[in-house]
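Participant: just a sequence and a predicted model for now, questions to come.
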Amino acid sequence: MTQKPRHAGQAIVDSLTLHGVKRVFAVPGESYLAVLDGLHGTDIDTVVVRQEGGAAYMAEAHGKLTGDPGVAMVTRGPGAANAYVGIHTAWQDATPMVLFVGLVPIADRMRESFQEFDPNAWFGSQAKRVFVLDQAERASEVVAEAFFAAKSGRPGPVIVGLPEDVITHEFAGTLVAPIPVAEGAVSARELEAITAALAGAEKPLLFVGGQRWTPEAAAALTRFAEANGIPVAQDWHASDRVPFRSPVNIGTLGYGRGDTAAAMFDQADVVVAVGALPTDVPTDGFTLRQHPDAVNWLVSIDSALRGRSGAVTGHVLASPVAFAEAVDGLALGRAAVWDSWRARGHEAHVAFATIGNEAGLPATADGTAHMSVVVSELLERLPEDALYTIGAGNHIMWAQQFIPTNVYPSQLATRNGSMGYSIPAAVAAGLESPERLVVAVCGDGEFLMNGQELATAAQHGVPVLAIVLDNRQFATIRDHQERHFPGRVSGTQLTNPDFAALARAFGGHGETVTADGQAAGAVERSLKAVAEQRKPALIHVIADQSINLP
């Protein structure tokens, strides 16, 4: 329908509304004032973020959590540069997001004008599409195309450049409706072939992960696996497709995985990968399941199968949603045959995820506590639908290995190993799901990369709980350093602030744990601040440098 005259910035906002966008994560800039003007008085919540990297991470986390593109808005030059980390994360993690970037006026291009840059040159290798809006009448069309590109096929980030002058021009066009996204399909022939392969297997295995999941698809896939007794291995940082406690769950692959899960993945005579692909990390650096005669059915909506390795028996061009619908209710009649194979994996998974007895813990230096004791106290109080976020570093193992994920979605993490993600992701999760407890598990170095977004949490009333493991070092790199250059510590040591005081300065609740006996009270008070006072809380755990991993 024809709309009343308005500027292109308003048309962009109206198009976001048409696409169901509830919030945008923004660091304001003079280059896109017309869009900020369009947001004024609308139902879209403008989340004011402290740094563009945090805004991009929030949009990426929203995409992971909901399956719909998260939206970030930044200004030209420095703002776009800061946001690049979130684009790289979305590109490698296949997450739908749209980044709107203010640009210099058209007449100022190619003149080395203030904060000018070439969006295609910067983002062309790390985004699915790069649009530049050079005609005001195409504003709504470009938004629709950007959202379609971000969601369709293998999801990913899309850039929309907004020249400062163009978005002030009158928009007299029409609003373009969202473009439907195909889920693909499992043909009768493909379903018959996969059914026959599984039914004839002695050691079948499902490998699941990636994007394009829904809670309904995760539940249907779980029903299929449980009804048929097929063990399920989950991709790295995608541990929530099958419930933690499900009898078919054998744990995750990738960094910090259990040995049994990796061995079963390698030994399985038939693997059906749903959403996930045997890429670098789950294959232990392209070493697991690389034999050319391996039977691997890959169910992926990505026609290019980007990043996969090893043999491909068959490629089913379908999303997890389409595959889960196809196999829901399918009975293979082999559960009893596979029982010992399945049980081996699940028992190892449960053992691996169990925190050891406190009496057996190694001694720590005075003034330090065991992270395991803090996590144990947290586990006793976690609700069933708790959601946690992690970035990158050794500290993530305390969450990845021990915090259960019993509903989908309940884990937000970077599969590209990017740091600084935990707090921005927690803010995005808390805004989208205010009824759930959101826990960010952070390392000291990781927290300080975007910890200022606690100010965003406080401003927007997002009561997240952050747990910061403070061992005064970049521990992952220190571990690598000790392996390659033992005894020559260089460039990995940190001097940290009082993180609990920092949380209080941002308007939140802060606790410091310097001994195991303080853990229970700190967790209890922090959870109370989150639940009753509805404000962010932080537990600062002072740890012994010599105890990094579970």
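Facilitator: Perfect, I can see it now.

Participant: quick one: what helix or strand has residue 38 in it?
Facilitator: Element membership of residue 38 [criterion: DSSP states H and E] is helix 33-39.

Participant: now do the buried residues in that helix.
Facilitator: Neighbour-count burial for helix 33-39 flags 33-36, 38-39 (criterion: 16 or more other CB atoms under 10 Å). (C-beta placed from N, C-alpha, C; glycine too.)

Participant: pLDDT added to those, as a markdown table?
Facilitator: Listed next are those as a markdown table, based on pLDDT from 0 to 100:
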| residue | pLDDT |
| --- | --- |
| 33 | 95 |
| 34 | 96 |
| 35 | 97 |
| 36 | 96 |
| 38 | 95 |
| 39 | 96 |
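
Participant: okay, now the nearest residue to residue 48 once chain neighbours are set aside: neighbour count?
Facilitator: Nearest non-adjacent residue to residue 48, counting by CB to CB, 6 or more residues apart in numbering: residue 26, 6.4 Å away. Neighbours of residue 26 under the rule other CB atoms under 10 Å: 25.

Participant: who's in contact with residue 179?
Facilitator: 144-145, 147-148 (CB atoms under 8 Å, 6 or more residues apart in numbering).

Participant: re earlier: hey, what's the residue nearest to residue 48 bridged with?
Facilitator: Beta-bridge pairing of residue 26 under DSSP bridges involves residue 48, residue 73.

Participant: contacting residues for it?
Facilitator: For residue 26, the contacting residues are 36, 46-49, 55, 72-74, by CB under 8 Å, 6+ apart.

Participant: now these as TSV including distance to residue 212?
Facilitator: Shown next, in TSV, are the contacts of residue 26 (distance: CB to CB, whole Å):
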residue	distance to residue 212
36	32
46	28
47	25
48	31
49	27
55	24
72	21
73	25
74	27
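
Participant: which among those residues gets closest to residue 85?
Facilitator: The closest of the contacts of residue 26 to residue 85 turns out to be residue 55 (CB to CB; 10.6 Å).

Participant: so the closest one sits in a helix?
Facilitator: Yes: Residue 55 forms part of a helix when assessed by DSSP: H, G, I helix; E, B strand; the rest coil.

Participant: relative to residue 25, how far out is it?
Facilitator: Distance, residue 55 to residue 25, using CB to CB, to the nearest Å: 4 Å.

Participant: what is in contact with the two at once?
Facilitator: 47, 49, 72-73.

Participant: which among those count as buried?
Facilitator: Counted by 16+ other CB under 10 Å, the shared contacts of residue 55 and residue 25 give 47, 49, 72-73 as buried.

Participant: other residues contacting whichever helix or strand residue 81 is part of?
Facilitator: Following DSSP H and E, one finds residue 81 within helix 78-93. With contacts defined as CB under 8 Å, 6+ apart, helix 78-93 is touched by 27, 29, 51-53, 55-57, 59-60, 63-64, 72, 74, 95-97, 99, 101-102, 115, 117, 119, 122-123, 126-127, 156-157, 159, 211, 414-416, 418, 420-421.

Participant: next one: stretch 148-159
Facilitator: For stretch 148-159, the external contacting residues (CB under 8 Å, 6+ apart) are 60, 63, 67-69, 86-87, 90-91, 94-99, 101, 119, 123, 126-131, 146-147, 178-179, 181-182, 211-212, 300-304, 306.

Participant: and residue 271, that's in a strand?
Facilitator: Yes: counting by three-state DSSP, residue 271 is part of a strand.

Participant: may I see the buried residues of stretch 206-226?
Facilitator: Buried residues in stretch 206-226 (16+ other CB under 10 Å): 206-214, 217-222, 224-226.

Participant: ok, back up a step: pick the one among the contacts of residue 26 closest to residue 270.
Facilitator: Closest approach to residue 270 among the contacts of residue 26 (CB to CB): residue 72, at 41.4 Å.

Participant: with that, I have no additional questions.
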